[in-house]
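[1] coordinates for the following, if possible.
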Amino acid sequence: MKTLSVRQPWAWAIAHGGKTIENRTWSTGYRGPLMIHAGARWDDDGAWDRRVLRALHAFGNRFDPPLRVERIGTKTHRLIRDSQLTPSAIVAVVDVVGICTARSTAEQCGCGVWAAEGQCHWRLARPRPLDEPVPCKGRLGLWDLPTDVEAAVMSQLAVASQQTGETSR
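    Numbering: from 1, shown residues only. From the prediction side, this is the model:
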């Protein structure tokens, strides 16, 4: 199955926070299931991003322990890197349902608040976060998982789909 490495906290936002667009400088013809790999590196811009913080708030901070947010002054907040934001692991599976190559602003192309101007907007749907992230070294670009890692992910998806009555792909 195809895999894409995404820095934290963006990978968390895809898995849990309603991030339905992944911005890339490149496009692909690939459509279908996509493993989301949380990269080893942290993105400080994401930690300060209001969309990520709003998604965390909307999610209800339902982690145990909760994700931590630091208040700087009266109105500024940032997400603190902690153990819930797993690095170097497969954290979710989503479906790539389309790619907008307009490279326009979100208002012009209709891709929503997560779309960045000048980027290709990968449209993501049906996030399936994993209960237990599966450790794995990442790569650049669109890549295939080692078979043992893919088997571990597929096993979790099968259990989750049995519990919810869905069919896994």
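
[2] all strands of the chain, in order?
    Assigned by DSSP state E, the chain shows strands spanning 2-8, 21-24, 32-42, 69-72, 76-79, 89-100, 120-135, 142-144.

[3] okay, now A58: neighbour count?
    Counted with other CB atoms under 10 Å, residues neighbouring A58 total 11. C-beta here means a position set from N, CA and C on the backbone, and glycine is covered the same way.

[4] pretty sure it contacts G18?
    Yes - judged on CB atoms under 8 Å, A58 makes contact with G18 at a distance of 7.0 Å.

[5] compare the strands of the chain and give me the one nearest C111.
    Closest approach to C111 among these is made by strand 120-135 (4.3 Å; CB to CB).

[6] by contact count, what packs against that closest one?
    Judged by 3 or more CB pairs under 8 Å, 6 or more residues apart in numbering; DSSP states H and E, strand 120-135 is in contact with helix 10-15, strand 21-24, strand 89-100, helix 147-164.

[7] give me the buried positions along it.
    C120, H121, W122, R123, L124, P127, R128, P129, L130, P133, V134 (16 or more other CB atoms under 10 Å).

[8] reformat those as a markdown table; add pLDDT and distance to R50.
    Output for the buried residues of strand 120-135, formatted as a markdown table (pLDDT from 0 to 100; distance: CB to CB, whole Å):
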| residue | pLDDT | distance to R50 |
| --- | --- | --- |
| C120 | 94 | 23 |
| H121 | 94 | 19 |
| W122 | 97 | 21 |
| R123 | 97 | 21 |
| L124 | 98 | 20 |
| P127 | 96 | 20 |
| R128 | 95 | 26 |
| P129 | 93 | 22 |
| L130 | 93 | 27 |
| P133 | 93 | 26 |
| V134 | 95 | 30 |
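
[9] closest to P87 out of the residues you listed?
    P133 (9.1 Å).

[10] can you get me a residue count around the closest residue in space to that closest one that isn't next to it in sequence?
    Excluding its sequence neighbours, the residue lying closest to P133 (CB to CB, 6 or more residues apart in numbering) is A89, at 3.7 Å. Counted with other CB under 10 Å, residues neighbouring A89 total 21.

[11] same question, T164
    Look at T164: counted by other CB under 10 Å, it has 10 neighbours.

[12] cool, and D148?
    Per other CB under 10 Å, the neighbour tally for D148 reads 10.
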